[in-house]
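need coordinates for the following:
(one chain, ligands or ions: 1)
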Amino acid sequence: MANLRFEAIEEAFKKRPVEVNAPTERPSEFYGKFVFNRAKMYKYLPADIYKKLVDVMDNGSRLDRSIADAVAQGMKKWAEENGVTHYTHWFQPLTEGTAEKHDAFIEHDGKGGMIEEFSGKLLVQQEPDASSFPNGGIRNTFEARGYSAWDPTSPVFIIDDTLCIPTIFISYTGEALDYKAPLLKALRAVNVAATKVCQYFYPEVKQVTSNLGWEQEYFLVDEDLYFARPDLMLTGRTLMGHDSAKNQQMDDHYFGTIPERVQAFMKDLEIQALELGIPCKTRHNEVAPGQFELAPIFEECNLAVDHNMLLMSLMKKVAHKHSFRVLLHEKPFGGINGSGKHNNWSLSTDTGVLLHATGKTSIDNLRFVVFIVETLMAVYKHNGLLKASVMSATNDHRLGANEAPPAIISSFLGKQISDLLDHIEKADKDDLFALTGKTGMQLDIPEIPELFIDNTDRNRTSPFAFTGNRFEFRAVGSEANCASAMIVLNAAVAEALDNFANRVNALIAQGEEKNSAIIDVIREDIKACKPIRFDGNGYSDEWKVEAAKRGLDCEASCPVCFDRYLDSDSIKMFEATHVLSHNELEARNEVKWETYTKKIQIEARVMGDLAMNHIIPVATHYQSQLAKNVQNMMDVFGDVEGKQLSERNIKIIREIAERTTLIESGIEELVNARKVANKIENQRERAITYHNTIAPKMEKIRYQIDKLELVVSDELWTLPKYRELLFIR
Ligand SMILES: NC(=O)CC[C@H](N)C(=O)O
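Numbering: from 1, shown residues only. Modelled structure (predicted):
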């Protein structure tokens with residue numbers, strides 16, 4: 001019998017790095033080649049149109065429909081010069097991926113021929129017949145239309161022969177059916193609130209931008225081996241597989257020499273990403289064998305999210321060219337590191353101040369403290385919601401082990417900042433101020449160094465770590481759309497800042513001096529948000545007990561975590577910031593629960609197939625070989641001695657019988673549990689049932705299969721093993 005596993009291994013061994021022809025220009029020259037960026041807008045648009053469009057992009061002013069036609073003409077001209085024949089609205093439905101439907105530029109010319117046309121109307125808005133996108137019941141089938149509308153703040157780009165136009169995606173009745181629409185609203189909310197707070201310190205500030213620098217971790221697996229693993233193909237992770245004897249124990253992969261085939265892939269990917277305007281900066285081997293990372297320079301949050309979505313699809317395409325498959329699943333392999341997408345988040349002003357960085361003056365430092373503390377307030381108040389924003393059936397496997405943060409949100413500040421906050425909290429208020437001549441009140445806080453020593457050694461078990469001038473939200477999963485976390489974080493910080501400003505203003509209205517009012521409120525908040533601060537080991541059992549005592553959200557069940565979206569505090573926050581309505585939140589939760597169920601459902605089905613079609617047949621085949629051998633031994637040596645000499649084989653025969661019986665009965669239970677769960681109408685209840693009754697059964701089956709892998713002859717085993725998946729490249 002041909003064994004696909006060995007054929008795949010043989011093919012994989014033959015592979016050599018694919019040659020990548022780098023452009024002759026410098027990266028700075030081909031950067032953004034396929035992006036309709038400002039330089040191209042300037043070149044292809046009439047001057048007045050360019051000015052109006054830049055105003056929309058920079059100042060969020062309303063898009064004047066009358067300029068759309070001229071913009072479309074300019075875009076089309078540029079696109080055609082690059083061989084483009086089609087265009088598409090490119091959006092981010094609630095599927096974790098992107099969606100596109102290509103249309104050719106052609107139209108009838110009225111004389112029996114064709115002309116190439118692209119009107120402003122088509123650029124600005126379309127009505128995709130998108131009834132098959134997750135909508136949580138917002139859109140009934142008889143009202144299947146959705147609208148996609150151009151987001152001028154994210155530039156259009158070319159992929160192949162297609163002009164891609166980033167858009168939001170909303171229902172006929174105006175509810176968001178995507179990630180971008182609420183993200184833009186959250187960014188607006190934080191801009192307004194943070195600008196207001198900034199003006200206490202710097203009256204000239206007009207705008208605050210939210211920035212995001214994501215770090216994308218991923219695995220690469222040889223494509224032939226991948227195709228021999230139906231579980232990887234269908235679920236993105238290995239549902240079974242015994243540990244490789246050597247995996248990451250030696251710490252020899254992290255930052256090690258990049259394997260040649262991988263290096264070629266990275267080079268190719270980076271060139272294409274740079275051409276699409278994604279500012280790739282860092283690449284390296286990650287901790288697990290077969291695991292790597294790519295990180296760009298931070299960008300404005302909305303653009304960074306689009307770039308991450310674009311990069312993830314580009315990775316898949318480029319990997320295929322190099323005969324790899326990229327695994328974006330958060331935990332493709334048990335027992336070794338999973339993949340995160342650490343979100344480095346910061347706020348900065350139009351005057352160039354990073355709001356979570358210290359400065360030179362005492363005013364800078366007061367501003368620094370305010371933004372740190374109000375961020376902590378947001379994270380504290382909405383810690384359960386923030387967790388819900390990164391939770392998924394897939395990330396569930398990653399959180400809480402192997403350098404991924406636990407499923408309890410807390411914030412690591414490091415000793416210096418912690419000491420600073422403690423000092424401000426405890427000091428006599430009068431001590432905090434020293435009247436110094438004309439400069440008025442001066443804040444006497446200990447000098448804040450520009451470089452934070454203890455933050456260079458990052459706490460990897462902290463979900464939300466301060467890293468010197470920004471926060472790193474480490475719990476975000478590798479396959480997630482960053483927008484999910486960024487919507488919650490920005491909206492929550494907007495709420496906290498608003499709240500802060502209202503209290504400060506109330507004190508000022510009572511006649512208190514501004515800085516004194518700020519200090520009063522900040523001292524109150526330092527006390528209030530204390531429970532979220534934790535610099536210790538997030539994996540320890542003591543922390544779980546302590547976190548519960550502090551009232552932090554310790555819920556570990558993914559579908560139950562989604563409930564936090566519908567807490568009254570969350571609804572209030574989303575409505576006050578105009579980010580999502582109650583109706584939208586309910587619909588989105590329906591989608592989350594349904595997605596959760598489907599993922600586990602697919603996994604359970606794949607596991608059933610593999611167990612029945614691969615594992616049990618192979619194990620029993622081996623068992624028969626052994627039985628035959630025992631029989632032969634008895635023929636040669638007689639029953640008694642023959643049996644004695646076959647002791648080991650008999651033991652294995654018995655073990656195989658026991659384990660296969662358990663696997664079979666386990667699968668039967670799994671099928672029955674699914675039948676029960678599938679009858680439940682309520683999406684939430686069904687997801688919880690899948691979590692409680694189906695997922696644990698799969699773990700038990702896996703245990704038996706992995707044990708069988710150890711005893712069954714390697715020659716017969718059909719599924720590529722961990723050592724092959726992780727080390728052949
Ligand atoms: N080196 C690292 O930062 C490891 C991070 C880890 N892969 C995670 O899941 O988040």
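
rest of the way, CA atoms for contacts and neighbours
Fine.

wait, Y690 sits on A677?
Yes - if you go by Cα atoms under 8 Å, Y690 and A677 touch, sitting 6.6 Å apart.

neighbour-wise, which of the two wins?
Using other Cα atoms under 10 Å, the more surrounded residue of Y690 and A677 is Y690, with 25 against 20.

other residues contacting the helix or strand where V618 lies?
Per DSSP states H and E, V618 falls inside helix 616-637. Residues from elsewhere that reach helix 616-637, judged by Cα atoms under 8 Å, 6 or more residues apart in numbering: 640-643, 645-646, 649-650, 652-653, 656-657, 660, 708, 712-713, 716-718.

got a PyMOL select line for the buried ones in these?
Command for PyMOL, covering only those of the contacts of helix 616-637 found buried under the criterion 16 or more other Cα atoms under 10 Å:
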select buried, resi 642+643+646+649+650+652+653+656+657+660+708+712+716+717+718
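
the contacts of helix 616-637 in helices, which ones?
640-643, 645, 649-650, 652-653, 656-657, 660, 708 (DSSP state H).

for the helix or strand K527 falls within, which positions count as buried?
Element membership for K527 (DSSP H and E) is helix 514-528. Across helix 514-528, burial judged by 16+ other Cα under 10 Å covers 514-523, 525-526.

about what we covered before: C-alpha coordinates for the helix holding V618, CSV please?
Provided in CSV are the C-alpha atoms of helix 616-637 (Å, rounded to 0.1, in the frame of the first residue of the first chain):
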residue,chain,number,x,y,z
ILE,A,616,-7.7,2.4,13.8
PRO,A,617,-7.0,0.6,10.5
VAL,A,618,-3.3,1.2,10.8
ALA,A,619,-3.2,0.2,14.4
THR,A,620,-5.1,-3.0,13.8
HIS,A,621,-3.1,-3.8,10.7
TYR,A,622,0.0,-3.6,12.8
GLN,A,623,-1.7,-5.7,15.5
SER,A,624,-2.4,-8.4,13.0
GLN,A,625,1.2,-8.5,12.0
LEU,A,626,2.2,-8.9,15.6
ALA,A,627,-0.4,-11.6,16.1
LYS,A,628,0.9,-13.5,13.1
ASN,A,629,4.4,-13.2,14.5
VAL,A,630,3.2,-14.7,17.8
GLN,A,631,1.5,-17.5,16.0
ASN,A,632,4.7,-18.2,14.1
MET,A,633,6.7,-18.2,17.3
MET,A,634,4.3,-20.7,18.8
ASP,A,635,4.6,-22.8,15.6
VAL,A,636,8.4,-22.8,16.0
PHE,A,637,8.8,-23.1,19.8
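
distance of G174 from the ligand?
36 Å (Cα to the nearest ligand atom, to the nearest Å).

next to the ligand, which bits of the protein? Give me the list.
287, 337-340, 403-404 (Cα under 6 Å from any ligand atom).

report the buried members of the residues you listed.
Applying 16+ other Cα under 10 Å to the residues of the chain next to the ligand flags 287, 337-340, 403-404 as buried.

what are the ranges of the helices in the stretch 201-350 of the chain?
223-227, 230-235, 260-275, 301-321 (DSSP state H, counting those that start in this stretch).

just to revisit the earlier point, just checking, what packs against the helix holding K527?
Helices and strands touching helix 514-528, by 3 or more Cα pairs under 8 Å, 6 or more residues apart in numbering; DSSP states H and E, are helix 362-381, helix 415-426, helix 482-509.

now the helix or strand that that helix is followed by - C-alpha only, PDB.
As assigned by DSSP H and E, the chain's next helix or strand after helix 514-528 is helix 541-549. Extracted in PDB, the C-alpha atoms of helix 541-549 (Å, rounded to 0.1, in the frame of the first residue of the first chain):
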ATOM      1  CA  ASP A 541      -1.800  29.200  40.700                       C
ATOM      2  CA  GLU A 542      -1.500  31.900  43.300                       C
ATOM      3  CA  TRP A 543      -2.200  34.500  40.600                       C
ATOM      4  CA  LYS A 544      -5.400  32.800  39.700                       C
ATOM      5  CA  VAL A 545      -6.600  33.000  43.300                       C
ATOM      6  CA  GLU A 546      -5.300  36.500  43.700                       C
ATOM      7  CA  ALA A 547      -6.900  37.700  40.400                       C
ATOM      8  CA  ALA A 548     -10.300  36.300  41.500                       C
ATOM      9  CA  LYS A 549      -9.900  38.100  44.800                       C
END
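
coming back round to it: give the buried residues for the helix holding V618.
616, 618-620, 622-623, 626-627, 629-631, 633-634.

how is this protein divided into domains?
31-177, 187-437+455-580, 595-726 (the TED database).

out of the ones you listed, which one sits most buried?
Scoring those by mean neighbour count under mean count of other Cα atoms under 10 Å gives domain 187-437+455-580 as the most buried, with a mean of 20.

gap between that one and the chain center?
Put simply, domain 187-437+455-580 sits 10 Å off its chain's centre (Cα atoms, centre = their mean, to the nearest Å).

re the thing from before, for the buried residues of helix 514-528, which one is nearest the ligand?
Using Cα to the nearest ligand atom, I526 comes nearest to the ligand of the buried residues of helix 514-528, at 28.2 Å.

give me the nearest residue to G137, chain neighbours excluded.
A587 (6.2 Å; Cα to Cα, 6 or more residues apart in numbering).

how about I9?
Nearest to I9 is L225, by Cα to Cα, 6+ apart, at 6.6 Å.

give me the common contacts of Y690 and A677.
Joint contacts of Y690 and A677 (Cα under 8 Å, 6+ apart) do not exist.

please tell me how far V545 sits from Y539.
11 Å (Cα to Cα, to the nearest Å).

and what of I170?
41 Å.

and what of S484?
In terms of Cα to Cα, S484 sits 25 Å off from Y539.

quick one: average pLDDT of stretch 482-498?
Stretch 482-498 shows a mean pLDDT of 98.

what pairs with E100 across the strands?
Taking DSSP bridges, one obtains W90 as the residues bridged to E100.

surely it is in contact with T88?
Yes - contact criterion Cα under 8 Å: E100 and T88 qualify, at 5.9 Å.

how far away is M391 from A475?
Where A475 is concerned, M391 sits at a distance of 9 Å (Cα to Cα).

hmm, back to that, and the residues of the chain next to the ligand as TSV, adding distance to Q601 and pLDDT?
As requested, these are exported to TSV (distance: Cα to Cα, whole Å; pLDDT from 0 to 100):
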residue	distance to Q601	pLDDT
V287	30	92
N337	25	96
G338	22	97
S339	23	98
G340	24	97
E403	28	89
A404	25	93
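
for R674, give its distance to the ligand.
From R674 to the ligand the distance is 30 Å (Cα to the nearest ligand atom).

what do you get for P259?
18 Å.

which residue is the nearest non-sequential neighbour of that residue?
R729 is the one closest to P259 (Cα to Cα, 6+ apart), at 7.4 Å.

contacts only, for that neighbour.
Applying Cα under 8 Å, 6+ apart, the residues contacting R729 are 12-13, 221-222, 259, 261-262, 290.
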